[in-house]
Each structure stands twice: as C-alpha cells, then as structure tokens.
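Give me a 3D structure for the following:
(chains A and B, ligands or ions: 3)
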Amino acid sequence: MVETSSPLVAPPPNWWKPAGREEKLWIGIAAVWAVSMFVMMVIIWPAIGGQQNQIHSYRVDPSEFQAYTTAFIEEHQTGELEGVPVVSPPPDTDIFLQASQFQWTPVLELQRGETYRIMMSSIDVQHGFSLQPDNVNFQVLPDFITGLEMTPNETGEYTIVCNEFCGLGHHLMVGQIIVVD
Amino acid sequence: MTAQAANSTNDSILAGLMRRCNITNLAIDRNAEKLIMVNAVVSVVFLALGGIMAMLIALTRWEMVHLLSADWYYRVTGAHGAAMLIFWILFFEVAGLIFSITVILNRRLLMPKVWWIAFGTMLVSALALIIIMLSGEATVMFTAYPPLEATSWFYLFFITFAVGALIAVISFFIELVNARYRGQVGSLPLFTFAMLAAAVLALWTLVSGAAALIPTYLWSIGLIGHIDAGVYRLLFWGFGHGAQQINLVAMVGVWYVLAALTVGARPVNEGVSRFAFLLIILFIHMGAIHHILVDPGFSQLSRAINTSYFIYGATIGSMIHALSIPAAVEMAQRRKGFGQGIFTWLKKAPWKEPGFSSLVLSFWLFGVMGGISGVIMGTVQINMIQHNTLIVPAHFHMTVVSGTTLAFMGLSYYLIPLIFRRDNVFPGMAKLQPYVFAIGMTIWGLGTGFAGHAGMSRRHWDSTFGDMPLATDIFQSAQIDISLVGLGLGALIAGVGGAMYIVNAVATVFLGKKTDTPHLPGIDKDALTPADISAREAAREGHGHHRGFEFPGTLILVFAFLVLFMILYATSWFELSTISWTIE
Ligand code: HEM
Ligand SMILES: [Cu+2]
Ligand SMILES: [Cu+2]
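Ligands and ions are numbered 1, 2, ... in the order given. Next up, the predicted model:
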C-alpha cells in the first residue's frame, strides 16, 4: 500500500499529488526562517552592528600602490621593528598597508578610539589580511584596494597573519598593529 | 517503459549484450557495466591516494608531530584537495550518471565509445595533475589563484580534465533524450532525476571553470599579458561552488536510494522532492559569491543579496530534503509494524547494515555540522570572522566528506557486489566502517573548527607562529593545542575508517567469491517496486489519508534541528559583536 515509487523505478504516469499538511508546514517555516536571516543580514545588522563588511574598493596599479606606501612611510615613520618600518600616522590620513611575498609593510601604530581609513593591496600575488587575536579577515588582491574604516577600541599588540596561500614562504608572512592610548 | 522497449531489452539479453541481475531483476548493459566498473575503481584509487595525503597533512598541522617540511606540506595539501574533491568525487559521479541512465532504466548505452573517451581524458588528466602538483611545479593549491603561477601544463591538464567531464555530462543529456525518444522512460525515476539535476548544474559549472582557466592558461604561456585576480576568483567559484552543489544533489539522490534499499523507504511526495531539486538548480548559481564575501569589488548590499536571496532559495530546497528523507524512512518503518510510539521506528532500524548507518551518519553530519556552518559562514558580516580560517575546511569536510563521501561509501556496499558479482569479503568490517569513519570525522571537524574559531589559518604550515620576523605567541594556547590534538587524532581515526572501506572494496573487486547472487547487507523487498496505483487512488479519494501526523518522530527531529540552527546562528552574531574593533 505505497503511493509513491522507489527512487530506482520510473513512477507510473500521473504521479503528481499536492503536498501534505506536514510538508506545507515545514516548507512554510523554512521560508520564514530564510526571510528572517535575510532581514537580519540586510536590514537589522547594518542598522545596529559595529562590525560591518563595507569594503571600499578601488582599482590601483601595483607600482602605484607601492609608491603610495613608500610616500606614506617616509612621511610618518617613527621607528623600525625587526627590519620593518613603524609608522604613527595621524587619524585623518589614509593608511597604506602593503602585502608582498612575504611581508606586511609597514607596522602600524594607531591610537585607541580613533577611526582610520585603511587601504590594503598587494604588489605581487594574492594575500589574506587576518587580524589576530580578534580574528578579522579580508582578502587582499593585486590591482584592487580593499578599503576599510576601522577603529581600535582596546590597546595592545595585534598580529596580522597572511591567511591566503601566497607561496612557499606563506607562513613567514606576519605583520603587526600596535594600538596605544 | 513501452512494450516495444521491453522487447528490445529482452532481445539484447538473448544476444548477450545485456544480463539480468538475479537480485534486482534489472537488465544491465555489458558496456555500461564495464564503464561503471572502471570509473568506480579509479575513484576508489584516488580516494586511497587522497587519504594517504590527508594523513600526511593532518599530522603536519598537529603541531606535536609536525611531520612534513613546509614545501611538502603545501604540495601535498594541493594534491589532496585535487585527488579528493575533484577526482574521487567526479569519477564516482560519472559511474552514477551511467548507472542512472542505463541500469535503472533497463536500457543500453547509446554511445559507449564517447563515454570511454570521457573516462580516458579524465584519467590521463587526473594522473598528470597529481604528478605535476607533487613535483613542486604547481604549488598553487587546487584553487590556483593567479597571479601566483604554476607551470602551464597544470592549467592545460586542468582544462582537459574539465573537457572530459563535460563530454560525460553532455553524453548523459544525449542518452536521456534518446531514452525518451525510444519510449524507454516516461517520468524519470527519482534517482535519475537527481542525476539530471547534477548534470544541469555541472554544465554551468564547467562553463564557468573554463572561463576562469582558459585565460589563465593563455596567460601562463604568455599569450595574455595580465590576468585579473578578482574576476578569476568570481569565475573560479562559479565552478568551485557549483561543483559542490553537484555533490549535494548526487548525495541526496544516493540518500533516497539507500533509504529505499535498506528499509524500503519511498519519497513521501514525488512532486515535493523534485521541486526541492529544482530549487537548488535555480538558486545556487549565485553561490559563488559566498567565497568572495571579504573580497574587494562588490558592495556589501550586492554581496548580501547574492548570498541570501539566492542561496536561501537553495537552503529551502535542502531543508525540504531534510524533512522528506527521514520522513520516508519513518513511514516505511511504520508500515513494517514499527509504528508504536514516536521513535520506535528509529530504534528498530537496521543499524548494523552499512547502507543504513552510512545514510543516517551522512545525513546527520551533513545537515547538522555541514549545513548549519555553511549558512552561517555565508552571512556577509559573519564571514569576516571565518574566512580562510580552519573553520572553512572544517565546514566542507562535514559536507563533502562526512556527507557525500560517506553516502557514496554506503552505496558502494551494494553497487560493488552487484556490478562485479562478487561477495563482500569483509561483511563484519563493513558493519563497523561507517561508524569509525564518522566518529573520526566528527572529532576532526570539531578540532579543526575550534582551531579555526580561535583564528588559526587554513593552508598554513606553522601553527605556532613563533618562528618568524614579528612572531607572536597568540596561538600558543591550551585551546589551540587541544583543538589540534582533535584534528590529529580525528584524522587518524577517520583514516582507519577510510582504510577499512578501501580494503574491503579492493578485496571484493579482486578477491571476492564470484557469484550471480552476491551476498548483500540486506535489500528490502520494496526497494525496487513502483507505486501501488490502487493505494494512490484510495488516497486521492480521501480514504486512509492524513488521519493524524504521519511522521511525528521526523517532525520532532527537524524542529530540534531548526532550534539548534537558530541557536548557532544567534551565537555567531553575538561573537561578531564581541570583536574589539569597530569596522565600517
Ligand atoms: C580521512 C579523511 C580526511 C582527512 C583527515 C582530511 C584532512 C585534511 C586536512 C588536514 C586538510 C588541510 C587543512 C589545511 O591545513 O588547510 C585538508 C584539506 C582539504 N581536504 Fe581533506 N581530509 C580528508 C578527506 C577529504 C575528502 C574525502 C575530501 C573531498 C571529497 C577532502 C577535501 C579536501 C579539500 C578540498 C581540502 C582543501 C585543500 C586546500 O586548501 O587547497 N578531504 N583535508
Ligand atoms: Cu601572503
Ligand atoms: Cu600567504
């Protein structure tokens, strides 16, 4: 007494029948849940959340980006850490963070509570910006700027890991952001 | 099937071109049979190869062992991804395509030579790719993101592999049209319908893959000066993500089959099940976007709409199957007399049959661990705290390994004896195998997931981050250490489970006792019967239909699932909110 066919056998013609009560209930609930997730992501979180994913994207030539970064370092350098320049830029300037095999340049010293426009790009292959220990991740590509407005709310040393495979030295690629009062 | 088509099947059997299976009574084309055999054997060989590589890389990520050098870890990780995700899965799926278009339609293959060309092209390309990736000439992972460059041979064989797969997919469509034309089939069996859905997805997917890889190949030989990293990622994931939906629908098709074989389960409603496949076909194409949620190039709104509006359409499709598979099992069990109470049907299920246990374990791990984590990860803002961490491999090992791979393993406990006509060599080991594999993958998934949750990168050789310029001790914590132990031990247990499967499969194929009635784990008497028309008419007239809830146990299970989904979803938003940086 079974109304439907084995999945391994062609059903006889005229197999269509309307969905049962339980199935309609479940499909309805699944649809409501899907719409709720949509509303959460597109309306609610953008209105209330402190962590948005509003990437400001620009096209840039890698050599041009490298020139921006060099100028940025020259203007704001305050020191050096293990061979990498350290910069302490004022909050209202654009920050340039350059990814290359296998280094993040420069080390940034930022002030707690200030908002920075951080512009990241690569001058060779793809890299991944992974800010630890908070665990915030963005993709960094050549030819594009991944632009973010970020505000550090706590002081401390943050590590930038590269989390896109970028060659045999991928695991050596570590950078730093220092947040001071 | 029309009478004429049935006659021609009988003629073919008399002429020795087909044989009739003594157990299922299906007519099997000799050509199709051989092709299913070679595709299945090759797929299992790649599974074995990929499995060995899995052990090597897992034992490298487990910091206490740290087995391979950096160079070899990256080579082997790339080759493991290719051998498993692409070769094991695709060869098995081609076997499934051929099976669904010949054996269960009782028809002969129209163009066996073309199928052999597809197989040969795929095999040569796959072997070449593995050799190239292990040689160190193409250490770019299977995603091959430019402008990181591999030898041009790598892109070439990647493309020829896709061409081989495309030949198989197009042949499937031609066979199907031919079957309809000759009156060999009207409405498709549900499994063939699932494979048709897989083939439709494959078509789009392979076109997108070609659009990504052909220019990259031309770039690697110097014909094109520049390759756009962002556009490549979009196109590549049109292929890479779409390919996962092929695996999903193939796996769901296998679930229906396993449920039918082991307990005689029937889809609750053929229309609803087919509609769910249709939803997946229609809505998954934008899925590519959820791999590039933290990429520059698209606005937050367009990324949000593409992942939510479109993916959630497919999510509803998956949630329908999440109801209809257990409901089918429950109703079948209740028909058998296990109708008491709410969960007696589940208690009395054939837990010792590998076909059934792999169905349940695959269903559970895919839905609960893989599905929920996938939808959460596909949320634009939450993706920021998960992208490229170990949460990503944890998620997709729950889908494509614990889900698809385990389901395929379960099916082959039937397929291999029936097609090779040999007895299973280690039936006792087969009973245990799905449990060992699933337990190992669960521990692996939790360990890997928690490590990712703490920020640990995927595809990364040095889990300590302690031995480089600007080194850090952030990752030298108890949470990371324990998670990595889970990753390592889970991998070893899953490795044992995988080896149990492979040893059994290989032994059965080569050493199993030859027989026309191979001993199977158990096949339900209703496994291959069509609908009972009188029952259907009675139901239409309202007799005996919907007196109460037909599958109360399933309803309780799916609602529990939904509650868990909501809790994990809410937890993830909470975690995002605890980040100490404001990001706009
Ligand atoms: C015993 C079973 C398995 C274990 C223990 C295992 C383990 C692993 C490990 C440790 C990684 C590397 C993670 C990283 O460091 O980033 C990995 C990557 C991967 N695995 Fe598996 N795996 C198994 C089976 C499979 C199967 C059956 C498939 C596909 C069907 C698969 C597909 C992949 C893919 C696509 C990657 C990503 C490679 C990449 O990042 O390029 N794995 N696996
Ligand atoms: Cu990098
Ligand atoms: Cu890297």
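
can you count the residues close to residue 156?
Reading this off chain A. Burial of residue A:156 is recorded as 13 neighbouring residues (other Cβ atoms under 10 Å in any protein chain shown). Glycine gets a C-beta too; all of them are placed from N, C-alpha and C.

think we crossed wires, I meant chain B
19.

The one 5 residues further on now?
The burial metric for residue B:161, expressed as a neighbour count using other Cβ under 10 Å, is 25.

Now the closest residue to it other than its chain neighbours: which helix or strand?
Nearest-residue entry for residue B:161: residue B:125, 3.7 Å, with adjacent residues in sequence omitted and distances by Cβ to Cβ, 6 or more residues apart in numbering or on different chains. Assigned by DSSP states H and E, residue B:125 belongs to helix B:112-135.

now swap in residue B:326 and tell me
Under the assignment here (DSSP H and E), residue B:326 is part of helix B:311-335.

roughly how far is that helix from the heart of the chain?
17 Å (Cα atoms, centre = their mean, to the nearest Å).

Kindly report the same for stretch B:211-227.
Using Cα atoms, centre = their mean, the offset of stretch B:211-227 from its chain centre is 30 Å.

Buried residues in that stretch, which are they?
B:211, B:212, B:213, B:214, B:215, B:216, B:217, B:219, B:220, B:227 (16 or more other Cβ atoms under 10 Å in any protein chain shown).

Any idea how far apart the tips of that stretch sit?
Start to finish, the residues bounding stretch B:211-227 are 12 Å apart (Cα to Cα, to the nearest Å).

next one: phi and psi at the residue most central in space within chain A?
Closest residue to the average C-alpha location of chain A: residue A:138 at 2.4 Å, with Cα atoms, centre = their mean. Main-chain dihedrals, residue A:138, degrees, to the nearest 10: phi -140, psi 150.

Which stretches in chain A count as strands?
A:56-59, A:77-81, A:84-87, A:94-100, A:103-105, A:107-111, A:116-122, A:127-132, A:136-140, A:144-152, A:156-162, A:174-180 (DSSP state E).

Now mean pLDDT too, for those strands, in TSV please.
TSV is the format used below for the strands of chain A (pLDDT from 0 to 100):
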stretch	mean pLDDT
strand A:56-59	94
strand A:77-81	95
strand A:84-87	96
strand A:94-100	96
strand A:103-105	96
strand A:107-111	97
strand A:116-122	96
strand A:127-132	97
strand A:136-140	97
strand A:144-152	95
strand A:156-162	96
strand A:174-180	97
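
Show me the one of those strands that comes nearest ligand 1.
Among the strands of chain A, the nearest to ligand 1 by Cβ to the nearest ligand atom is strand A:127-132 (12.2 Å).

In its sheet, which strands sit next to that closest one, and in what direction?
Applying DSSP bridges, strand A:127-132 is found paired with strand A:136-140 (antiparallel), strand A:156-162 (antiparallel).

got those as TSV, with distance to ligand 1 columns?
Shown next, in TSV, are the strands paired with strand A:127-132 (distance: least, Cβ to the nearest ligand atom, whole Å):
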stretch	distance to ligand 1
strand A:136-140	14
strand A:156-162	13
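
if you compare the ones you listed, which one is most tucked away?
strand A:136-140 (a mean of 26; mean count of other Cβ atoms under 10 Å in any protein chain shown).

and after the lowest-mean-pLDDT helix or strand in chain B, which helix or strand comes next?
Lowest on mean pLDDT, DSSP states H and E among the helices and strands of chain B sits helix B:533-540, with a mean of 68. Proceeding N to C from helix B:533-540, the next assigned helix or strand is helix B:552-577, under DSSP H and E.

helices and strands around that next one, which ones?
helix A:21-39, helix B:311-335, helix B:372-377, helix B:380-383 (3 or more Cβ pairs under 8 Å, 6 or more residues apart in numbering or on different chains; DSSP states H and E).

what's the average pLDDT for stretch B:552-562?
When pLDDT is averaged over stretch B:552-562, the result is 94.

How about the helix holding residue B:326 and chain A, touching?
Yes: using Cβ under 8 Å from any Cβ of the partner chain, helix B:311-335 reaches chain A at B:312, B:313, B:315, B:316, B:319, B:320, B:323, B:324, B:327, B:335.

can you count the residues close to residue B:25?
Neighbours around residue B:25, by other Cβ under 10 Å: 9.

nope, residue B:560 is what I meant
11.

Same question for the one 10 residues further on.
Other residues near residue B:570 number 11, with proximity taken as other Cβ under 10 Å.

Now do it against residue B:290, distance only.
20 Å (Cβ to Cβ, to the nearest Å).

repeat for residue B:320
Noted for residue B:320: a distance of 21 Å to residue B:290, by Cβ to Cβ.

Likewise for residue B:438?
Relative to residue B:290, and taking Cβ to Cβ, residue B:438 is found at 26 Å.

Is it correct that residue A:135 is in contact with residue B:385?
Yes: here residue A:135 reaches residue B:385: they are 5.2 Å apart, a contact under Cβ atoms under 8 Å.

Now do the shared contacts for these two.
residue B:579 (Cβ atoms under 8 Å, 6 or more residues apart in numbering or on different chains).

on that earlier part again, can I get the helices and strands packed on helix B:552-577 in CSV with mean neighbour count, distance to residue B:117 and mean pLDDT?
As requested, the helices and strands packed on helix B:552-577 are exported to CSV (neighbours: other Cβ atoms under 10 Å in any protein chain shown; distance: least, Cβ to Cβ, whole Å; pLDDT from 0 to 100):
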stretch, mean neighbour count, distance to residue B:117, mean pLDDT
helix A:21-39, 16, 42, 91
helix B:311-335, 24, 33, 89
helix B:372-377, 22, 35, 92
helix B:380-383, 24, 41, 94
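
mind checking which of those is nearest ligand 3?
Among the helices and strands packed on helix B:552-577, helix B:380-383 comes nearest to ligand 3, with 18.6 Å by Cβ to the ion.

Does the closest one pack against any helices or strands, and if so which?
Using 3+ Cβ pairs under 8 Å, 6+ apart, helix B:380-383 sits against helix B:300-305, helix B:552-577.

Please repeat the previous calculation with a cut-off of 10 Å.
Here helix B:380-383 touches helix A:45-48, helix B:300-305, helix B:372-377, helix B:552-577, going by 3 or more Cβ pairs under 10 Å, 6 or more residues apart in numbering or on different chains; DSSP states H and E.

Reformat these as CSV; add distance to residue B:508.
Below are these laid out as CSV (distance: least, Cβ to Cβ, whole Å):
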stretch, distance to residue B:508
helix A:45-48, 53
helix B:300-305, 48
helix B:372-377, 34
helix B:552-577, 34
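
Of all those, which one comes closest to ligand 2?
helix B:372-377 (21.7 Å).

So the residue of chain A found nearest ligand 1 versus residue B:78, what's the distance?
Using Cβ to the nearest ligand atom, the closest approach of chain A to ligand 1 is made by residue A:165 at 7.4 Å. From residue A:165 across to residue B:78, the span is 9 Å (Cβ to Cβ).
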